[in-house]
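Colleague: Sequence isn't available, so here's the structure alone:
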């Protein structure tokens, strides 16, 4: 009997990977909206909410990044294009970390950097999610 | 622990690290140099780790001697010398500020590395030198207090400023133990209690108590609503318990005292953090009745703090600049006017206990300084009076808090890291 080199690949993202990836956008978007609320109301609770939502986004992005790296090394045809998705997640994570430090400044000292970074992070997280799904798909087992 | 150096390296590309701009800026006196505010992505945090004294002692000037007259206390903060020479020590730690932001968990942990692990005593300890040999016996005067800090004696009334109320004990000269639980005079603002210490002194005529109530945040990051009745000095009528704001805008007035001869109220105040290593100077000042000293809207007079929203130009306009800068982040927590018995060089002026910095790469404070006075006003740079708390490898063996003059010619220093009370005596220049 001939030894087979064919594997059954899971096409698309693993369900856990999917949950982690789709969690990033609402968390970062929530942080951004809270920043907006603080910038218009000066009510400190919004800055506090934004800080924690951003931390949540950091956790989800970090874990999604780990999944994406595992996925990259398990892929049959590793090429540079496949690197774009993990790279976007890593960039999102780094900027979100910088944003966390910006949010740690007391009171209005987090502005305007915190709000600006939140917007950039939302755009990056959205792009990473888009690229992740469009390249790797929601997929089914084949 | 050097947080900046730990975490700055991998982020160095992104960080605007607030550089070690070792400015030799004039930090002392009536017109300290105020650099531009600066804050990198990480605040400067250096918290010297505790170290043991071994057989060493703090450093005092020639002609002076220092001894520990009480040890194994439970976080001693302020002391009061009673008419018969007994010394009362207020012991405890207060504050119940919830951790709000992710930052609070990290910064709180780092700062805790530089403080004692001993539990809050919540009591007053009495120290008595029975036979005048300089050795003091320790006994408990009162227990079950709530983070007591300020102490004042007016006739037969011993007032104690807990973190939530001023209370009164009956006191007879020579008494070694309170007769029973104290009577509450006036409640003090205690919600959150970010700055919990309630400094206190009595007016010269004994009719009023002055109580320092610190702000509930560094710079309003817990919201403006938390700052009602905070960052003020209250005047409390000892007869009725009625109170009013005597002065406002003092971020954290941690020690109050009355100047002999003039009967003027003085305070040391801890100013705001996270504006750079040389900003904002902590200060020594007369407390002007109905004066506004800037917090939170401005510092050192009319220097606007951009971190406060909404801003208030009218309040900034009315802000008084304090009298004398002690240097940024030194954390003055003790204040006492000297007397002739302390020796010629240190006869006229104030002693100030400096707990020491955290928000700075090079630690400052961690000593007791003397600010010389002439004609009743500060005149000259601070002089180190008791130092040697910091070791050469930037650890710390003690952190001075309250300072009190013993009329016999000694300075009493509470140290909340060594958990001891030090006594510095003038031996003369024989």
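Modeller: Yes, it's here. What you see is a predicted model; the values in this text were computed from it and never measured.
Colleague: where exactly do the helices run in the chain?
Modeller: I went with chain A, as the question did not name one. Ranges of helices in chain A, per DSSP state H, are A:15-41, A:44-74, A:80-103, A:113-136.
Colleague: Chain B is the one I meant
Modeller: Going by DSSP H, chain B shows helices at B:3-8, B:102-112, B:313-318.
Colleague: Which neighbouring elements make contact with the second one?
Modeller: On a contact count with 3 or more Cβ pairs under 8 Å, 6 or more residues apart in numbering or on different chains; DSSP states H and E, helix B:102-112 meets helix A:44-74, helix A:80-103. Using the backbone N, CA and C atoms, a C-beta is placed for each residue, glycine as well.
Colleague: neighbours of the residue of the stretch 1-150 of chain B found nearest chain A, just the number please.
Modeller: Per Cβ to the nearest Cβ, residue B:103 is where the stretch 1-150 of chain B lies closest to chain A, at 3.8 Å. Residue B:103 has 18 neighbours, counted by other Cβ atoms under 10 Å in any protein chain shown.
Colleague: ok, the closest residue to it other than its chain neighbours - contacts?
Modeller: Nearest residue to residue B:103, sequence neighbours excluded (Cβ to Cβ, 6 or more residues apart in numbering or on different chains): residue A:104, at 3.8 Å. Counting by Cβ atoms under 8 Å, 6 or more residues apart in numbering or on different chains, residue A:104 makes contact with A:51, A:110, B:43, B:101-103.
Colleague: I'd like the distance between residue A:104 and residue B:107.
Modeller: 8 Å (Cβ to Cβ, to the nearest Å).
Colleague: With mean pLDDT added, can I get the helices of chain B in JSON lines?
Modeller: Below are those laid out as JSON lines (pLDDT from 0 to 100):
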{"stretch": "helix B:3-8", "mean pLDDT": "40"}
{"stretch": "helix B:102-112", "mean pLDDT": "89"}
{"stretch": "helix B:313-318", "mean pLDDT": "97"}
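Colleague: CSV for the ones you listed, including distance to residue B:422?
Modeller: Below are the helices of chain B laid out as CSV (distance: least, Cβ to Cβ, whole Å):
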stretch, distance to residue B:422
helix B:3-8, 30
helix B:102-112, 24
helix B:313-318, 41
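Colleague: okay if I get the helices of chain A as TSV plus mean pLDDT?
Modeller: Listed next are these as TSV, based on pLDDT from 0 to 100:
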stretch	mean pLDDT
helix A:15-41	96
helix A:44-74	95
helix A:80-103	94
helix A:113-136	95
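Colleague: nearest to residue B:334, of these?
Modeller: With Cβ to Cβ, the closest approach to residue B:334 among the helices of chain A belongs to helix A:44-74: 32.4 Å.
Colleague: tell me, what residue is most central in chain A?
Modeller: Centroid-nearest residue in chain A: residue A:61, 3.7 Å away (criterion: Cα atoms, centre = their mean).
Colleague: Switch the helices and strands packed on helix B:102-112 over to TSV; also include distance to chain B.
Modeller: Output for the helices and strands packed on helix B:102-112, formatted as TSV (distance: least, Cβ to the nearest Cβ, whole Å):
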stretch	distance to chain B
helix A:44-74	4
helix A:80-103	4
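Colleague: Is it possible to get JSON lines of those that adds distance to residue B:198?
Modeller: Shown next, in JSON lines, are the helices and strands packed on helix B:102-112 (distance: least, Cβ to Cβ, whole Å):
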{"stretch": "helix A:44-74", "distance to residue B:198": "25"}
{"stretch": "helix A:80-103", "distance to residue B:198": "32"}
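Colleague: For residue B:220, find the nearest of those.
Modeller: Nearest of these (Cβ to Cβ): helix A:44-74, 7.4 Å.
Colleague: For that closest one, list every residue counted as buried.
Modeller: A:44, A:46-58, A:60-65, A:67-68, A:71-72 (16 or more other Cβ atoms under 10 Å in any protein chain shown).
Colleague: cool, and stretch B:235-248?
Modeller: B:235-236, B:238, B:241, B:243, B:246-248.
Colleague: which pair in those residues spans the largest distance?
Modeller: Across these (Cβ to Cβ), the longest gap, 21.7 Å, separates B:238 and B:248.
Colleague: I'd like to know if stretch B:42-49 reaches chain A anywhere along the stretch.
Modeller: Yes - contact between stretch B:42-49 and chain A, assessed by Cβ under 8 Å from any Cβ of the partner chain, occurs at B:42-43.
Colleague: how long is that stretch from one end to the other?
Modeller: One end of stretch B:42-49 to the other measures 20 Å (Cα to Cα, to the nearest Å).
Colleague: right, and residue B:320 touches residue B:301 too?
Modeller: Yes - with contacts counted by Cβ atoms under 8 Å, residue B:320 reaches residue B:301, the gap being 6.9 Å.
Colleague: More neighbours: the two, which one.
Modeller: Per other Cβ under 10 Å, whichever of residue B:320 and residue B:301 has more neighbours is residue B:320, with 18 against 13.
Colleague: which residues sit in contact with the more buried one?
Modeller: B:288, B:291-294, B:301.
Colleague: Nearest to chain A among these?
Modeller: Nearest member of these to chain A, counting by Cβ to the nearest Cβ, is residue B:294, at 15.4 Å.
Colleague: what's near enough to touch the nearest residue to that closest one once chain neighbours are set aside?
Modeller: Of all residues not flanking residue B:294 in the chain, residue B:319 sits nearest, at 4.0 Å (Cβ to Cβ, 6+ apart). Shown in contact with residue B:319 (Cβ under 8 Å, 6+ apart): B:249, B:292-294, B:297-298, B:301-302.
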